[in-house]
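[1] Build me a model:
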Amino acid sequence: MKLNLLKIFPVAMAGLFIGNAAMAQDNMGQKPSFKTWSIGLNGGVLTGVSPLGGQNDFSNWKSSLGYGLYIKKQISPAFALRLDGVRGTVKGDNAEPFNDGTANVSPISSFETDVRYSATLSAQLNMVNWSMFNQHNNAQLYALAGGGLVNYETTTVANSGTSVSRAAVDKLIIPVGVGAKFRLSEGVNFDLGWTINFVDGDEFDGYTARGNNDKYNYAYAGLEFALGKGKQLAFYSPVAATYQEALDAKNTANALKSDLDAQKAENAKLRSEMADMLKDSDGDGVADKLDKCPNTPSGTVVDGSGCPLKVPAPQVTERVIVTEADRKVVKDAIDNLEFDLGKATIRSKSYATLNRVAALLVEKNFSLKLAGHTDITGSRELNMRLSKERAESVKAYLVSQGANASRIEATGYGPDQPIATNKTAAGRQQNRRVEFTLY
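    Sure, this is the predicted structure:
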């Protein structure tokens, strides 16, 4: 029966699909640098006896030297394509009976087949990475199957002693094998393997009486040299890499939780400091920290230091006129107003322009509305509180500089009145503001 080379293609394609799927899973993260090309040199024994059974044309198969070379491309940790070349000699005779005790009645007493060359392309599947918790293992088992050509020349010796040599021929072969590989260093591996080569024909040993396709074996040992930079892809374990990524993700989550807890503690401290800074026990509009006359009776008109006014506040009988110069003083204060990050504490660089606003309020007896605004970052509750606290902080400072607290209104609007988009950093910066309105 003739062998069909096309039978190996579904196996090779299935291995290719599995290998690519494994690589795709590995590439979800950052792809490391791998060595994917390698060259192997080996030597071993060629025989015609197969432990898989089947009938043989000769009862006594002898072991002969063989040697080979291969080039391999590792496509994924589990799958590779391998191009092998082998040379050597396969021998056999009928000097002994078959294993079942029957004698071989063949007219040919012995043969010698010179394998001038064989060239096969095989799909290699790595079956086991022994250490599943190391990303780069040191040992593995593999299986391979493929197809190719063998060019051989056979010489037979008849029982009469006549020697006959046949011209060299090419035949299709299907190699099927297993092996074990051990990583000696990042660039060198020790390779042990065994391959059965099924020949498409019954003429490999020069005798065609039984009508069975011939086969021969190659058991070998050798060295494989990995080419390129990085680790060897063949010894890389995506399962171990995924496990490590899970550990890294867990550690990152724990670190983020610690940062969040620290931020919550900082926010609580900030709220406590702000409440202490804005505390107004007597309700006169001047914070306790700035109130030089605490416990003034309810309804008492006070000055910027919280003390009762010695003279009644003048009645405004004429229309208030706000000039362009007045507006510029307010605009400069807005442009230079800065707070500590996430807090209502005014930075010292803002004092100079705020002092000019306070002087303007005292000089012209203006009223002032302070409106605090934020972007949408953080919760709405936090933003409403922060915008109110920042407006109150500006009011407290102006009052400390002599402005009339009763003429200053401080309101917080949080993120409800944006003047720019919150989708960009520049827009969010514009939305974080305190507006001054003179009237």
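[2] which residues of the chain score low on pLDDT?
    Counting by pLDDT under 70, the chain shows low-confidence ranges at 1-32, 50-55, 100-101, 103, 128-135, 210-211, 239-248, 311-319.
[3] so where does residue 61 fall, helix or strand?
    Taking DSSP states H and E as the definition, residue 61 sits inside strand 60-62.
[4] Can you point out the buried residues in the helix or strand following that strand?
    Once the chain leaves strand 60-62, the next helix or strand it forms, by DSSP H and E, is strand 64-74. Buried positions in strand 64-74, judged by neighbour count with 16 or more other Cβ atoms under 10 Å: 64, 66-68, 70, 72, 74. Heads up, the C-betas are built off the backbone N, CA and C, glycines and all.
[5] Can you give the strand pairings for strand 64-74, parallel or anti for each?
    Sheet pairing of strand 64-74 (DSSP bridges) gives strand 37-47 (antiparallel), strand 79-93 (antiparallel).
[6] Can you give me the neighbour number for the residue nearest to residue 228 when sequence neighbours are not counted?
    Excluding its sequence neighbours, the residue lying closest to residue 228 (Cβ to Cβ, 6 or more residues apart in numbering) is residue 35, at 4.2 Å. Counted by other Cβ atoms under 10 Å, the residues lying close to residue 35 total 20.
[7] what residues are up against the closest residue to residue 169 other than its chain neighbours?
    Distances taken as Cβ to Cβ, 6+ apart put residue 152 closest to residue 169, at 6.8 Å, once the chain neighbours are dropped. Residue 152 sits next to 113-116, 168-169, 171, 204 when contact means Cβ atoms under 8 Å, 6 or more residues apart in numbering.
[8] And residue 220, by the same measure?
    Residue 220 touches 42-45, 66, 68, 191-195, counting by Cβ under 8 Å, 6+ apart.
[9] Do a quick rundown of the helices in this protein.
    Counting by DSSP state H, the chain has helices at residues 9-26, 238-278, 324-336, 351-364, 380-400, 425-431.
[10] Tell me which of these sits nearest to residue 104.
    Closest of those to residue 104 is helix 9-26, at 35.2 Å (criterion: Cβ to Cβ).
[11] circling back: with distance to residue 384 as new columns, can the contacts of residue 220 be given to me in a markdown table?
    Shown next, in a markdown table, are the contacts of residue 220 (distance: Cβ to Cβ, whole Å):
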| residue | distance to residue 384 |
| --- | --- |
| 42 | 77 |
| 43 | 82 |
| 44 | 81 |
| 45 | 85 |
| 66 | 84 |
| 68 | 79 |
| 191 | 71 |
| 192 | 74 |
| 193 | 74 |
| 194 | 77 |
| 195 | 77 |
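[12] Show me just the buried residues among those.
    Looks like the contacts of residue 220 have 42, 44-45, 66, 68, 191, 193-195 buried, using 16+ other Cβ under 10 Å.
[13] what's the neighbour count on residue 46?
    Per other Cβ under 10 Å, the neighbour tally for residue 46 reads 26.
[14] thinking in terms of the whole chain, how far from its middle is stretch 389-405?
    Counting by Cα atoms, centre = their mean, to the nearest Å, stretch 389-405 is centred 53 Å from the centre of its parent chain.
[15] Likewise for stretch 176-185?
    Relative to the chain's own centre, stretch 176-185 is displaced by 29 Å; criterion: Cα atoms, centre = their mean.
[16] For it, which residues meet the burial criterion?
    Applying a neighbour-count criterion of 16+ other Cβ under 10 Å, one finds 176-177, 179, 181, 183 buried in stretch 176-185.
[17] could you dump those to CSV with distance to residue 236?
    CSV is the format used below for the buried residues of stretch 176-185 (distance: Cβ to Cβ, whole Å):
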residue, distance to residue 236
176, 26
177, 23
179, 18
181, 13
183, 11
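[18] Just list the residues touching residue 150, thanks.
    If you count contacts by Cβ under 8 Å, 6+ apart, residue 150 has them with 115, 117-118, 170-171, 173, 197, 199.
[19] who wins for most neighbours among the residues you listed?
    Of all the contacts of residue 150, the highest neighbour tally under other Cβ under 10 Å goes to residue 173, namely 27 neighbours.
[20] isn't that residue right next to residue 121, touching?
    No. Between residue 173 and residue 121 there is no contact under Cβ atoms under 8 Å: 11.2 Å.
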